[in-house]
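Colleague: Give me a 3D structure for the following:
(one chain, ligands or ions: 2)
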Amino acid sequence: MIELKNICYSVKDGEKDKVILDNISCTFSNDCVTAITGQNGSGKSTLTKIIMGIITPTSGKIFFNNIDITNMSIDERARMGLTYAFQQPITFRGITIKELIDIASNEDNSISKACEYLSKVGICAKDYINREFDKTLSGGEQKRIELALTLAKKGKCIIFDEPEAGIDLWSFERLNNIFEKNICYIVVSHQTRLLERANKVLVLEKGKVKMYGDSSKIIKNLSSYQCKRITEA
Ligand SMILES: Nc1ncnc2c1ncn2[C@@H]1O[C@H](COP(=O)(O)OP(=O)(O)O)[C@@H](O)[C@H]1O
Ligand SMILES: [Mg+2]
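Modeller: Ligands and ions are numbered 1, 2, ... in the order given. Reported below is the predicted structural model:
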């Protein structure tokens with residue numbers, strides 16, 4: 001479980017402070033998929049980076065399973081079970097996907113075990129297991145493999161920042177069982193299918209919490225809110 005208490009983040013913009021996150025308080029429970037959504041620039045990536053410790057909030061506190069992690073490094077957080085998948089996957093030449101799965105899971109997996117991770121994200125494992133994780137893979141393949149590597153780390157809280165960027169990842173049928181029990185998932189996404197699959201949805205607007213609640217309720221409110229924005233524009 002992740003608890004954010006009054007998280008603020010601002011950066012220097014010449015003489016002034018530019019406020020990027022403005023007093024965010026929210027709880028991300030275990031056994032729950034929370035989707036974070038909102039317009040470009042609303043602060044979604046900044047919020048996930050703060051949870052992972054990539055950047056430090058200007059004020060406010062972060063708790064992970066009731067332990068104050070506000071001042072902990074990324075490494076310390078990772079050792080406690082926080083896992084983060086970047087918006088842009090990083091590719092590696094000269095290393096096979098099987099080797100990357102072994103590194104991510106910290107064990108020498110059998111081929112069939114390694115294939116299981118790939119099958120979960122809808123990849124025909126045997127065609128990929130000995131390939132390198134490089135730019136010869138399509139954007140969608142890179143995203144799926146990165147998703148598999150993130151899952152192989154077996155974190156207790158797993159954060160994905162727009163894992164579907166450029167592809168409709170969540171529409172894929174074989175992606176059904178990626179969310180396991182007792183884990184806290186935080187997924188930044190714009191895709192309706194993911195929002196529908198999430199238990200809770202947090203909507204950010206200009207660095208503030210605009211809406212938060214059960215996904216079905218928020219999706220309903222979100223569509224009228226978006227219609228209103230369009231008609232006002
Ligand atoms: N280090 C920084 N310096 C200046 N502006 C920043 C910095 N980091 C983020 N921002 C700005 O903060 C806003 C939120 O960014 P971000 O969290 O990446 O948005 P999102 O992921 O919702 O699209 C954007 O306007 C972005 O340009
Ligand atoms: Mg972003």
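Colleague: For the residue nearest to residue 163 when sequence neighbours are not counted, give me its contacts.
Modeller: Closest residue to residue 163 apart from its sequence neighbours, by Cβ to Cβ, 6 or more residues apart in numbering: residue 147 at 5.5 Å. (Each C-beta comes from the backbone N, C-alpha and C, glycine too.) Applying Cβ atoms under 8 Å, 6 or more residues apart in numbering, we find residue 147 in contact with 85, 121, 160, 163, 169, 178.
Colleague: Equivalent analysis for residue 72, please.
Modeller: Residue 72 touches 53, 80, counting by Cβ under 8 Å, 6+ apart.
Colleague: Each with direction, which strands does the helix or strand encompassing residue 18 pair with?
Modeller: Using DSSP states H and E, the element containing residue 18 is strand 16-28. Using DSSP bridges, strand 16-28 pairs in its sheet with strand 2-13 (antiparallel).
Colleague: For the partner strand, list every residue counted as buried.
Modeller: 2-5, 7-10 (16 or more other Cβ atoms under 10 Å).
Colleague: The residue nearest the centre of the chain: which element?
Modeller: Nearest to the geometric centre of the chain sits residue 160, at 1.5 Å (Cα atoms, centre = their mean). Taking DSSP H and E as the criterion, residue 160 maps to strand 157-161.
Colleague: Can you pull the residues of the protein lying near ligand 1?
Modeller: Residues of the chain found near ligand 1 (Cβ under 6 Å from any ligand atom) are 11, 18, 20, 38, 40-46.
Colleague: Buried only: go through those residues for me.
Modeller: 20, 38, 42-46.
Colleague: among those residues, which are in helices?
Modeller: Judged by DSSP state H, those include 44-46 as members of helices.
Colleague: neighbours of residue 163, just the number please.
Modeller: By other Cβ atoms under 10 Å, the residues close to residue 163 number 24.
Colleague: Could you do residue 112 as well?
Modeller: 9.
Colleague: Please, which helix or strand holds it?
Modeller: helix 111-120.
Colleague: Check which residues of the next helix-or-strand element following that helix are buried.
Modeller: Next along the chain after helix 111-120, taking DSSP H and E as the criterion, comes helix 139-152. For helix 139-152, burial by neighbour count (16+ other Cβ under 10 Å) applies to 140-152.
Colleague: Redo those as CSV? Include distance to residue 53 and pLDDT.
Modeller: Formatted as CSV, those follow (distance: Cβ to Cβ, whole Å; pLDDT from 0 to 100):
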residue, distance to residue 53, pLDDT
140, 29, 81
141, 29, 85
142, 25, 85
143, 24, 82
144, 26, 85
145, 25, 88
146, 20, 87
147, 21, 86
148, 24, 89
149, 20, 90
150, 16, 89
151, 21, 88
152, 21, 91
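Colleague: which stretches of this structure aren't confidently modelled?
Modeller: For the chain, applying pLDDT under 70 flags the ranges 86-89, 165-176, 225-233.
Colleague: Relative to residue 212, which of the ones in helices among the buried ones among the residues of the chain next to ligand 1 is nearest.
Modeller: Residue 212 lies nearest to residue 44 out of those, by Cβ to Cβ, at 13.4 Å.
Colleague: Endpoints of stretch 70-79, how far apart?
Modeller: Counting by Cα to Cα, to the nearest Å, you get 15 Å between the two ends of stretch 70-79.
Colleague: Could you report the neighbour count for residue 202?
Modeller: 24.
Colleague: what's across from it in the sheet?
Modeller: Going by DSSP bridges, residue 202 forms beta bridges with residue 36, residue 212.
Colleague: Looks like it contacts residue 215 (just checking).
Modeller: No: shown here, residue 202 and residue 215 do not form a contact pair, counting by Cβ atoms under 8 Å, at 10.2 Å.
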